[in-house]
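Q: Curious how this folds, go ahead:
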Amino acid sequence: MGVPRTRAVHRAVADARRGVPVIVAGPHPLIVGPAETLGAEGLHLIDRLSAGPASLVLAPSRAAAVLRTPIADDAQAVALALSRPLIDVATLRRVADPTLEQIMPNFTRTAPPEQAGAALALGKLARLLPAMVVAPVRPGWASLPLGAGLLVVPAADLLTYPTELAATLHRVAEVAIPLDDAPDARLIAFRALDQGIEHMAILVGDPLREAAPLVRIHSECFTGDLLGSLRCDCGPQLKGAIRRMAESGAGAVLYLAQEGRGIGLINKLRAYTLQDRGLDTVDANRALGWQADERNFHIAAAMLDALGLKRIRLLTNNPEKLAGLLACGVDVAERVPHIMEPNGVNDGYLATKARRFGHLLG
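A: Next comes the predicted model:
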């Protein structure tokens, strides 16, 4: 994509998080803003700069709940017609967030605009709820006072950004960091071209000395890794992986900034709320409009390449993680099980991993 286009996507993400609409360019350009962060000013901008009716674009799994009707699994996005002037901010929040009180008007389904998938991609890149207010933008919008300063980003760049960004990962810092279970550990920080959140590699011993060192791909978990939450097995998996590598002499943990299987910390907490209301971890993610697993394994592949780890033994119970790495060109010599015992709180969570994700926990 190159630096200018990558920067444009990064700024679009920042604008989305601040509730500032952006122009998604394509054959039929759209003005787009996230339902989660748009305020009255953002809605006013969309209303004044639109050339036609606005709609609320949702992921199919969320739209099915709002419309109270099944949505075909092959639908990429579903659009709900919005009246002018646009509905109030509080109603938008309720439609976007199933953890809020679900009192809302009846919506009419309409045809999603051509760039609807890119609009949802922008919401996901910003780690917001994938619910976007979109409208066709007026010709000559840039010359209008209200349009001054609005960012234009190509739809295609939003869709390819995660894969493109992984290719720009590079080392930015390295330091020895003795750990309780691995006194000879080193920490290597990686950053991508967007200068966003860093990913970390924890090297135990010298994994380059082994033909196929033990490697754990671990998505960050604030609640489990840092706070010791009993709702998941992430903390024990992280410490257990480091301990096993120290015992075997070497290994690497790739600590990826992909909280909640890629949906972000806030959305993971929302998913927890839905789990407390009876949903399992898969259905909770889908109720928010996310896929069950949104992780980008191109990042792990790029880090392994930068570390010179060409062939690995993968420490995981997840066949989909193995398949994801293989699809990214990683040479996996062996899958090594990494099973943690239930703790009395996470029993249902582990059962869901086995039943819904196919984790091999037996």
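Q: all strands of the stretch 1-150 of the chain, in order?
A: In the stretch 1-150 of the chain, the strands defined using DSSP state E, counting those that start in this stretch lie at 22-25, 30-34, 55-58, 78-81, 109-110, 131-136.
Q: and the fifth one, average pLDDT?
A: For strand 109-110, mean pLDDT rounds to 95.
Q: and it, which strands flank it?
A: When sheet partners are counted by DSSP bridges, strand 109-110 sits next to strand 78-81 (antiparallel).
Q: dump the residue contacts of residue 356.
A: 280, 281, 282, 292 (CB atoms under 8 Å, 6 or more residues apart in numbering). C-beta: built from backbone N, CA, C; applies to glycine.
Q: For residue 298, which of the strands of the stretch 1-150 of the chain is the nearest?
A: Of all those, strand 22-25 sits nearest to residue 298, with 23.0 Å by CB to CB.
Q: who are the neighbours of that closest one, in terms of helices and strands?
A: Counting contacts by 3 or more CB pairs under 8 Å, 6 or more residues apart in numbering; DSSP states H and E, strand 22-25 packs against helix 3-18, strand 30-34, helix 116-125, strand 152-154, helix 155-166.
Q: any chance of these in a markdown table, plus distance to residue 303, mean neighbour count and mean pLDDT?
A: Below are the helices and strands packed on strand 22-25 laid out as a markdown table (distance: least, CB to CB, whole Å; neighbours: other CB atoms under 10 Å; pLDDT from 0 to 100):
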| stretch | distance to residue 303 | mean neighbour count | mean pLDDT |
| --- | --- | --- | --- |
| helix 3-18 | 18 | 18 | 90 |
| strand 30-34 | 30 | 28 | 97 |
| helix 116-125 | 20 | 24 | 96 |
| strand 152-154 | 27 | 19 | 96 |
| helix 155-166 | 9 | 19 | 91 |
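Q: can you tell which of these is closest to residue 139?
A: Closest approach to residue 139 among the helices and strands packed on strand 22-25 is made by strand 30-34 (12.3 Å; CB to CB).
Q: Listing partners with orientation, what would you give for the closest one?
A: Paired strands of strand 30-34, with direction, are strand 22-25 (antiparallel), strand 131-136 (antiparallel) (DSSP bridges).
Q: With adjacent residues omitted, what lies nearest to residue 202?
A: residue 253 (4.2 Å; CB to CB, 6 or more residues apart in numbering).
Q: circling back: so for residue 49, which of the helices and strands packed on strand 22-25 sits nearest?
A: strand 30-34 (5.4 Å).
Q: on that earlier part again, for residue 145, find the nearest of the helices and strands packed on strand 22-25.
A: Among the helices and strands packed on strand 22-25, strand 30-34 sits nearest to residue 145 (CB to CB), with 15.0 Å.
Q: how many degrees apart are the closest one and helix 3-18 in direction?
A: 50 degrees (axes from the mean of the first three to the mean of the last three CA atoms, to 10 degrees).
Q: ok, now which ones touch the residue nearest to residue 250 when sequence neighbours are not counted?
A: Excluding the flanking residues, the one nearest residue 250 by CB to CB, 6+ apart is residue 205, at 3.5 Å. Going by CB under 8 Å, 6+ apart, residue 205 touches 182, 184, 245, 246, 249, 250, 251.
Q: Any stretches of this structure with poor pLDDT?
A: Residue ranges of the chain with pLDDT under 70: 1, 195.
Q: Check the offset of stretch 2-20 from the chain's centre.
A: Put simply, stretch 2-20 sits 16 Å off its chain's centre (CA atoms, centre = their mean, to the nearest Å).
Q: can you list contacts of it?
A: Contact with stretch 2-20 is made by 1, 21-22, 33-34, 37-39, 41-42, 122-123, 125-128, 150-154, 157-158, 161, 164-165, 168, 193-196, as judged by CB under 8 Å, 6+ apart.
Q: if we go to 6 Å?
A: If you take CB atoms under 6 Å, 6 or more residues apart in numbering as the criterion, stretch 2-20 is touched by 22, 34, 37-39, 42, 122, 125-126, 151, 153, 157, 161, 193-194.
Q: For these, work out which two are farthest apart.
A: Using CB to CB, the contacts of stretch 2-20 span at most 30.4 Å, a distance reached by 39 and 193.
Q: and these two? which has more neighbours close in?
A: Between residue 39 and residue 193, residue 193 has the larger neighbour count (other CB atoms under 10 Å), namely 17 against 13.
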